[in-house]
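Asker: my questions are about this predicted structure, shown below with the sequence.
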Amino acid sequence: MFRRRSLRRLVAVCLYLSVFCASCFLYKLWLLDGRSERIPVDKRWSSGGGPVKGEIQDTPPGDLGRPVPLDLSNNETRQLIQEGMDTFGYNAYASDLMSVRRRLPDVRAAWCRMPERTVTNLPATSVVIVFYNEAWSVLLRTVHSVLDRSPDHLIHEILLVDDCSTATYLKTRLDDYFARYPKVRIIRAPRRLGLIVAKITGARASTASVITFLDAHVECTVGWLEPLLGEVANNSTTIAIPTIDQIDGYTMQLEADFAPRLVGAYRWDLNFGWWGRTAMKKTYPNPYVPFDTPAMAGGLFTIKRAFFERLGWYDEGFEMYGIENIELSMKSWMCGGKMVIVPCSRVAHIRKRSHPYLNHAGKDVIMKNSLRLAEVWMDEYKQVLFDVYGVPRYFEQYFGSVEDRKALRAAAGCGSFRDYVLNAFPEMMNPLVPGAFRGEMRNAALSAELCLTHQPHNHSLSMANCDGQQRNQFWTHNFYRELNNYSNCIEPFGAREKRDRKTLPSQRGNAKPTVELRVRQSADCQ
């Protein structure tokens, strides 16, 4: 009897163990099969309370902003990585390994997360995102980061403006994907507009009282939206800019330490850059309160729609890409508004190694946009920029009419460029330096009738008859100490022996003392 009872117990234990093992095996299969459907999202509710938006049951690549592990010993992997870098300017292969709704850590300072920082009665916003041949997973991750980390009632709509992309996956497939998201609307440009006009198209199509612009390759972090809306709700002429963290374009790792210590600025060539806040004269006891910035990068900001319209949107005479951020920076301050960077708003941006808009635009577009801006907004300081580019004055036949933009400035009652520099940007260096000149260059030893002439077809130099009309005979020696003709600089080169070397005044990007002269085109000479 005892043996029979023990045998029954043994059989029961074995049966229970078999059922348990089978259950574990089936559960593991379910996990593997459902991995692509269980999307990791941030458990922290961005409004400070409320339901959890998703459940995390595994740790996919890139989770919480970590770098994506890559097997660089595999030739095929290296090739796929390089293809993405060449096409998009970032590692699309690594991006495709991540969830389009990956989790990110809350990178805000503790002060920003305090309950008393919560703002209520905020306006809803239209979010405008312009894209052109963006990688599939990167674009989707941008949109999902907005939807997942923004209170639903604060997102009025998301407008995806397709600037005539050629990638087939961004056509019907994209329409089908976002058909289940009623707040997402796709606007298709009939032809290539360029980033600037495409953003204007999105702004005009928006229906909320507030517009938030985002690049198509960002990830919004928890709590990003409310501080921006709070600034424009308190002051309808404020442009609110998030603190822009970086996503490494190769590993997709979030780099979020340095950004709150930076402010947007530029030099007299209008090239935007980030300066340390310690370089600015105005200081703030609390480093986490919104602080003034004289300029912005341009891709990410929140603005009242009515204020943006009063400022004339962007100049529609601008081509493709570039300088629109400086234009909006100047006219916001000059026309009764201001710009602030909001440390409690954190948006991560992929650091690209190239840009499709710049690849199509070229340096001439940047020069044209810069000169249009100077003619309308820089008053007597415009000649400084003309000298930087080696241009004698504004030529309507080359750069287009700006009369409508001047009329818009007058109607808006905007102040002077000098006041903008003194009040918003006193750190700007004085451009009036000795030694600058502009005009024709003659060699008296040869002939007073011969002028130094730039031959555009091969970028060579020659002495040709002066006629006072040729644009390739006008030169400036600007405050950068460049000999410049329409964004083409003279540089010395050629000598090998140290005793033969002579130097021209130093130029940006040029440190080669030589003897022969040539024309140089580069990003530093513009």
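Answerer: Perfect, I can see it now. Residues are numbered from 1 along each chain as shown.

Asker: before we move on, what SS does the closest residue to residue 78 other than its chain neighbours have?
Answerer: Among residues not flanking residue 78 along the chain, residue 72 sits closest, at 6.0 Å (Cβ to Cβ, 6 or more residues apart in numbering). Heads up, the C-betas are built off the backbone N, CA and C, glycines and all. For residue 72, the assignment made with DSSP: H, G, I helix; E, B strand; the rest coil gives coil.

Asker: tell me, how many residues neighbour residue 72?
Answerer: Using other Cβ atoms under 10 Å, residue 72 has 9 other residues around it.

Asker: which residue packs closest to the most centrally placed residue in the chain, ignoring adjacent ones?
Answerer: Central residue of the chain (Cα atoms, centre = their mean): residue 299, 4.2 Å from the mean position. Counting by Cβ to Cβ, 6+ apart, residue 299 lies nearest to residue 215, which is 4.1 Å off, once chain neighbours are set aside.

Asker: and if you look at residue 291?
Answerer: Nearest-residue entry for residue 291: residue 284, 5.3 Å, with adjacent residues in sequence omitted and distances by Cβ to Cβ, 6+ apart.

Asker: residue contacts, residue 233?
Answerer: For residue 233, the contact set (Cβ atoms under 8 Å, 6 or more residues apart in numbering) comprises 119, 121-123.

Asker: name the element it belongs to?
Answerer: For residue 233, the host element (DSSP states H and E) is helix 225-234.

Asker: for that helix, buried residues please.
Answerer: Using 16 or more other Cβ atoms under 10 Å as the test for burial, helix 225-234 gives 225-233.

Asker: in three-state terms, label the residue nearest to residue 291 for me.
Answerer: coil.

Asker: and for it, the neighbour number?
Answerer: Residues near residue 284, counting by other Cβ under 10 Å, number 13.

Asker: gap between it and residue 150?
Answerer: Separation of residue 284 from residue 150 (Cβ to Cβ, to the nearest Å) stands at 27 Å.

Asker: now do residue 203
Answerer: Residue 203 sits 19 Å away from residue 150, going by Cβ to Cβ.

Asker: more crowded one of these two?
Answerer: More neighbours surround residue 150 than the other of residue 203 and residue 150, with 24 against 20 (other Cβ under 10 Å).

Asker: and residue 129, what does it touch?
Answerer: By Cβ under 8 Å, 6+ apart, the neighbours of residue 129 are 142-143, 158-161, 202, 213-216.

Asker: which of these fall in helices?
Answerer: 142-143, 202 (DSSP state H).

Asker: now do stretch 148-161, average pLDDT.
Answerer: Averaged across stretch 148-161, pLDDT comes to 98.

Asker: and if you look at stretch 381-395?
Answerer: For stretch 381-395, mean pLDDT is 81.

Asker: quick one: distance of it to the chain centre.
Answerer: Put simply, stretch 381-395 sits 26 Å off its chain's centre (Cα atoms, centre = their mean, to the nearest Å).

Asker: thought residue 214 was touching residue 128?
Answerer: Yes. Using Cβ atoms under 8 Å, residue 214 is in contact with residue 128, at 7.4 Å.

Asker: name every strand pairing with the strand ranked longest in the chain and say which way it goes.
Answerer: Using DSSP state E, we find that the single longest strand of the chain is strand 338-350. Next to strand 338-350 in the sheet, as set by DSSP bridges, lie strand 218-220 (antiparallel), strand 238-247 (parallel), strand 291-292 (antiparallel).

Asker: how many residues are close by the nearest residue to residue 401 once chain neighbours are set aside?
Answerer: Excluding the flanking residues, the one nearest residue 401 by Cβ to Cβ, 6+ apart is residue 317, at 7.7 Å. By the criterion of other Cβ under 10 Å, residue 317 has 18 neighbours.

Asker: if we can go back for a sec, quick one: which of the strands paired with strand 338-350 is nearest residue 398?
Answerer: Each of the strands paired with strand 338-350 has some distance to residue 398 by Cβ to Cβ; the shortest is strand 238-247, at 31.0 Å.

Asker: and the angle for the closest one with helix 225-234?
Answerer: Orientation check (axes from the mean of the first three to the mean of the last three Cα atoms, to 10 degrees): strand 238-247 against helix 225-234 gives 160 degrees.

Asker: can we start the residue count at 6 from this point?
Answerer: Happy to do that; since the first residue is 6 now, the last one works out to strand 243-252.

Asker: average pLDDT across the helix or strand following strand 243-252?
Answerer: Next helix or strand after strand 243-252 toward the C-terminus (DSSP H and E): strand 259-260. If you average the pLDDT over strand 259-260, you get 94.

Asker: what is strand 259-260 packed up against?
Answerer: Packed against strand 259-260 by the contact rule (3 or more Cβ pairs under 8 Å, 6 or more residues apart in numbering; DSSP states H and E) you find strand 243-252.

Asker: and what about the nearest residue to residue 328 once chain neighbours are set aside, helix, strand or coil?
Answerer: Leaving aside its chain neighbours, residue 328 sits nearest to residue 374 (3.9 Å; criterion: Cβ to Cβ, 6+ apart). Classification of residue 374 by three-state DSSP places it in helix.

Asker: who's in contact with residue 374?
Answerer: Listed by Cβ under 8 Å, 6+ apart, the contact set of residue 374 reads 320, 323-324, 327-329.

Asker: and residue 402, that one's in a helix?
Answerer: Yes. Residue 402: assigned to a helix according to three-state DSSP.

Asker: thanks a lot, catch you later.
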